[in-house]
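**Q** what follows is a predicted structure for the sequence shown.
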Amino acid sequence: MENTKKKSPRYSPEVRERAVRMVLEHQGDHESQWKVIASIAAKLGCSGETLRSWVRKEERDRGLRPGTSTQEQDRIKELEREVRELRQVNEILRKASAYFAQAELDRRPK
């Protein structure tokens with residue numbers, strides 16, 4: 001059975017930045033932001049939903065929309081990874097401590 005799922009094209013950061021800038025610059029030219037997004041997306045050859053998500057992300061990063069910025073999201077991911085690693089290290093140390101404590105109890109007195 002073949003995989004018939006379509007792969008979405010990747011857009012360069014420059015194309016993304018330009019598209020978002022165009023949307024933000026031309027918001028006043030249309031009655032809604034979605035109409036601007038749909039118009040520009042058609043010209044770029046990407047879906048409106050893709051461009052909308054880029055615009056929302058930029059708005060969050062600029063503080064124009066509530067939510068976690070990209071920088072904050074990256075920091076959260078980094079901290080979650082660090083917490084996960086520390087928990088693994090603690091578990092290893094806990095098991096090693098229990099092993100050596102048991103070995104000390106099993107040792108014959110002199």
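**A** Now that the structure is in, tell me what you want to look at. Everything numeric here is computed off the predicted structure, so don't read it as measured data.
**Q** now do the same for T68: helix, strand or coil?
**A** The three-state label for T68, taken from DSSP: H, G, I helix; E, B strand; the rest coil, comes out as coil.
**Q** check contacts around it.
**A** Taking CB atoms under 8 Å, 6 or more residues apart in numbering as the criterion, T68 is in contact with 60, 76. C-beta: built from backbone N, CA, C; applies to glycine.
**Q** average pLDDT across the helix or strand where I92 lies?
**A** For I92, the element it lies in under DSSP states H and E is helix 70-106. Looking at helix 70-106 alone, the average pLDDT works out to 94.
**Q** can you name every helix or strand that it contacts?
**A** Using 3 or more CB pairs under 8 Å, 6 or more residues apart in numbering; DSSP states H and E as the contact criterion, the elements in contact with helix 70-106 are helix 48-62.
**Q** only alpha carbons, please: show the helix it packs on as CSV.
**A** Extracted as CSV, the C-alpha positions of helix 48-62 are listed here (Å, rounded to 0.1, in the frame of the first residue of the first chain):
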residue,chain,number,x,y,z
GLY,A,48,-4.6,30.7,3.9
GLU,A,49,-4.4,28.7,7.1
THR,A,50,-0.6,28.4,6.8
LEU,A,51,-0.2,32.2,6.4
ARG,A,52,-2.7,32.8,9.2
SER,A,53,-0.7,30.7,11.6
TRP,A,54,2.5,32.6,10.6
VAL,A,55,0.7,35.9,11.2
ARG,A,56,-0.7,34.8,14.6
LYS,A,57,2.8,33.7,15.7
GLU,A,58,4.3,37.0,14.7
GLU,A,59,1.5,38.9,16.5
ARG,A,60,2.3,36.9,19.7
ASP,A,61,6.0,37.5,19.3
ARG,A,62,5.4,41.3,19.0
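**Q** brilliant, that's me finished.
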